[in-house]
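[1] fold the following.
(one chain, ligands or ions: 1)
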Amino acid sequence: MATLRIEGAQMITMADGDTGVREGWVLEAVDGTITHVGPADELHPAGEPDEIIDGSGCLLMPGFINAHTHAAMTLFRGSADDMALEPWLEEKIWPVEARLTEDDVYWGSLLGCAEMIRAGVTCFSDMYHIPRAGVRAAREAGVRICPSGVLLGIVPNAEDMFEEAQAFTREFAADDYLCVHPMFAPHAPYTVPREMMERVIEAAKEIGAPIHIHLAETRANVEWSLENYGTTPIQAMDEIGLFGVRVLGAHCVHLEERDIEIIAERQVGVAHCPGSNLKLASGIARTQDLLNAGAHVGLGTDGCGSNNNLDLLEEARLAALVAKVREHDSTAVPAEAALEMATLGGARALFLDHCVGSLEVGKHCDCILVDLDAPHLHPRHCLASHLIYSAQAADVKTTIVDGRVVMRDRELTTIDLDETYAMVAESAERLFDGS
Ligand SMILES: [Zn+2]
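    Purely as a prediction, here's the structure:
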């Protein structure tokens, strides 16, 4: 039995979305599960814990949840910028992805895990090729992964991809060490024809797995759907029964009123990716309208080809800022809402709010200590505001996943960065030299 106590920090629990700051509270965990969150004088006399972390001068809060990424795309960082989504995918990304090996995905994912841990991300939803390699990297890094094997219906090996996705999902559905409910990932309605999408829905129902899919990311996506399905991507997917399964929809930028109603009614998880949407000029999502409708909205960085980093705090700031510009309303997506999207909202979008997203007894001990000893975090009018509008990823001092310290005082405890950089450089050289 491994016991952990974190004391001396100010605390935001995010329980039920509460961003209030608690003073003098203590967190205890046993074998990675939170057993106490509250005033120190309410501690049960369980004896001295194995490890005590002094959080003095820090804010203790739930780790960030990256609800949509392609972690191994760190390999593509800076390789093709300043392009529109469709030519970017077709000319720059897919030809290189066709050459990826399991080692490439492993090292690219490990680099992504290092970057995310340093940015306070404790759980991420990954959609990528060779998902076993991504899971292996996440487990070695000690970060929680919600993996999904991507499948494309418009490539010659589409049937093989579908077979592999089924095998992967079945295998990992029963295997939950830091790996939570693997999903099917039909890439998008415009890349997976209706007939295959219907087979994916049936397979997901049979296995009980959720589906992770890009939805309504660009205007071109919507136009394609109008031409091919006669309606919007959300309504088309609703009509073919996609939302009869738990669905995590990445982007959801271009939405009609009816689309928003469907997303809220069917409890579709939304991964809002403002950085990627800005960089690819995809548009600005109707986040405040989604929140008003009661939709479950989390935040994603998307892959490093279109962002170009995995800094979820940056996404939270962008989410707050772009919503204000979109609505011409400076009260849209306030700091508290952005903070909730980065934590508990992400957990809801991933259907994991029963086990992560807030600091509550019974949940996994996934948390971070943010160092408040910085000029840009003084004076202390409002910590939720500081986190969203002023803090930086580098302010995250300690990252804990499942009760295990994976970064202590900015030092990673699970990943050899020099080795990772060297292996990633080797992969990148081979992949891009051939292009
Ligand atoms: Zn994506």
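
[2] show me where the stretch 301-435 of the chain has strands.
    Using DSSP state E, counting those that start in this stretch, the strands of the stretch 301-435 of the chain run over 367-371, 396-401, 404-408, 411-412.

[3] so where do the helices sit in the stretch 101-250 of the chain?
    Using DSSP state H, counting those that start in this stretch, the helices of the stretch 101-250 of the chain run over 102-118, 131-141, 158-173, 194-207, 219-228, 233-239.

[4] buried sites along the fifth one?
    Buried residues in helix 219-228, counted by 16 or more other CB atoms under 10 Å: 221-222, 224-225. No exception for glycine: its C-beta is placed from N, CA and C like everyone else's.

[5] now, which of those sits nearest S306?
    Distance to S306, by CB to CB, is smallest for N221 among the buried residues of helix 219-228, at 14.6 Å.

[6] the closest one is in contact with I213, isn't it?
    No: counting by CB atoms under 8 Å, N221 stays clear of I213, with 11.3 Å between them.

[7] now do the shared contacts for those two.
    Residues within reach of N221 and of I213 at once, by CB atoms under 8 Å, 6 or more residues apart in numbering, are 188-189.

[8] moving C-terminal of the lowest-mean-pLDDT helix or strand in the chain, what's the next helix or strand?
    When the helices and strands of the chain are compared on mean pLDDT, DSSP states H and E, helix 85-87 comes out lowest with a mean of 83. Downstream of helix 85-87, the first helix or strand assigned by DSSP states H and E is helix 94-97.

[9] just give me how far that following helix sits from the chain centre.
    23 Å (CA atoms, centre = their mean, to the nearest Å).

[10] got the buried residues for it?
    96-97.

[11] what mean pLDDT does it have?
    Averaged across helix 94-97, the pLDDT comes to 90.

[12] how about residues contacting that helix?
    Residues contacting helix 94-97 (CB under 8 Å, 6+ apart): 76, 79, 129, 431-432, 435.

[13] ok, so of those residues, who is nearest T33?
    H129 (33.0 Å).

[14] any idea which of the helices of the stretch 101-250 of the chain is most buried?
    Ranked by mean neighbour count, those are led by helix 102-118 with a mean of 25 (mean count of other CB atoms under 10 Å).

[15] against which helices or strands is that helix packed?
    Under the contact criterion of 3 or more CB pairs under 8 Å, 6 or more residues apart in numbering; DSSP states H and E, helix 102-118 touches strand 121-128, helix 131-141, strand 396-401, strand 404-408, strand 411-412, helix 417-433.

[16] what lines up beside the fifth one in the sheet?
    This points to strand 411-412. Partners of strand 411-412 in the sheet, by DSSP bridges, are strand 404-408 (antiparallel).
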